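Enquirer: Build me a structure from this.
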Amino acid sequence: MKSISYITLLAFSIFSTFSFAASNDIAKQFKKLDRNKDGFLSRPETAIDPALWSRFSSYDQDKDGKLTLSEYSLYTSK
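Expert: All right, here's what the predicted structure looks like:
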């Protein structure tokens, strides 16, 4: 029974590490696109990524004309 617990713990540890690394990569991509460093992505800032630019309004959940990191994360998860 102990070996199953260790294997489970190891699996969760590996998954957590990959999950953290992926979210860190998303944050880096977001910062790279955020040219004016205001913490949001405007539609013109997303023009470098045609797929994001064309679907900008569908990811702008609160319809404020800018994407937050969490809204951008939705785009990257698809």
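Enquirer: continuing past the helix or strand of the chain with the lowest mean pLDDT, what's the next helix or strand?
Expert: Scoring the helices and strands of the chain by mean pLDDT, DSSP states H and E places helix 2-33 at the bottom, with a mean of 62. With elements assigned by DSSP states H and E, the helix or strand that comes after helix 2-33 is strand 41-42.
Enquirer: neighbouring strands for that next one, and are they parallel or not?
Expert: strand 66-67 (antiparallel) (DSSP bridges).
Enquirer: Show me what the helix or strand following the partner strand is in contact with.
Expert: Counting by DSSP H and E, the next helix or strand C-terminal to strand 66-67 is helix 69-76. Helix 69-76 is touched from outside by 23, 26-27, 29-30, 33, 39, 41, 52, 55, 59-62, 67, with contacts defined as C-beta atoms under 8 Å, 6 or more residues apart in numbering. To be clear about C-beta, it is placed using only N, CA and C from the backbone, and glycine gets the same treatment.
Enquirer: how does it look with 7 Å?
Expert: Helix 69-76 has contacts (C-beta atoms under 7 Å, 6 or more residues apart in numbering) with I26, A27, F30, L41, L52, Y59, D60, Q61.
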